[in-house]
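Asker: Predicted structure and sequence below. I'll ask about it afterward.
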Amino acid sequence: MACKVKPEEILSTLKSWSMTQDGREAIKKEFKFKNFNMAFSFMTAIALKAEEICHHPEWSNIYNKVIITLTTHDVNGLSDKDIILGKFIDNIYEK
């Protein structure tokens, strides 16, 4: 089971993520790449990690742009799983 965390904790831990503006407790970040293949490879790596930790992002992809929203439905807000997946996402984007 996921452990709920405060938004301030998430935002101080993850790089350049922000709260969504849709009235719920969720964080969002946009990533840009040189082309579609790089964006899709990024999403594939995240999908494999998401399956491993059983925590799946909400996301969209338009050509070279990927927009990711993280929230934990089980706790109706943000959790330690969002920190884990967010850190993973930031780390693979930096590579």
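Answerer: Cool, got the structure. All figures in this text were calculated on a predicted structure; none of them were measured in a lab.

Asker: Please report how far Leu11 lies from Lys65.
Answerer: Computed as C-beta to C-beta, to the nearest Å, the Leu11 to Lys65 distance reads 22 Å. Every residue, glycine included, has its C-beta placed from N, CA and C.

Asker: mind listing the strands for the chain?
Answerer: Applying DSSP state E to the chain gives strands spanning 18-19, 27-32, 58-62, 65-70.

Asker: These: which one's closest to Asp82?
Answerer: strand 65-70 (4.3 Å; C-beta to C-beta).

Asker: quick one on the thing from earlier: between the strands of the chain, which gets nearest to Glu52?
Answerer: From the strands of the chain, taking C-beta to C-beta, the stretch that ends up closest is strand 65-70, at 15.5 Å.

Asker: so which of the strands of the chain comes closest to Ser79?
Answerer: For those, proximity to Ser79 was assessed by C-beta to C-beta; strand 65-70 is nearest, at 9.2 Å.

Asker: Reformat the strands of the chain as CSV; add mean neighbour count and distance to Glu94.
Answerer: CSV is the format used below for the strands of the chain (neighbours: other C-beta atoms under 10 Å; distance: least, C-beta to C-beta, whole Å):
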stretch, mean neighbour count, distance to Glu94
strand 18-19, 13, 18
strand 27-32, 16, 11
strand 58-62, 13, 18
strand 65-70, 19, 14
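
Asker: Include mean pLDDT and distance to Tyr93 when you put these into TSV, please.
Answerer: Converted to TSV, the strands of the chain look like this (pLDDT from 0 to 100; distance: least, C-beta to C-beta, whole Å):
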stretch	mean pLDDT	distance to Tyr93
strand 18-19	97	16
strand 27-32	98	6
strand 58-62	98	13
strand 65-70	98	9
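
Asker: Could I get those strands in JSON lines, plus columns for distance to Asn91?
Answerer: Formatted as JSON lines, the strands of the chain follow (distance: least, C-beta to C-beta, whole Å):
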{"stretch": "strand 18-19", "distance to Asn91": "19"}
{"stretch": "strand 27-32", "distance to Asn91": "12"}
{"stretch": "strand 58-62", "distance to Asn91": "17"}
{"stretch": "strand 65-70", "distance to Asn91": "14"}
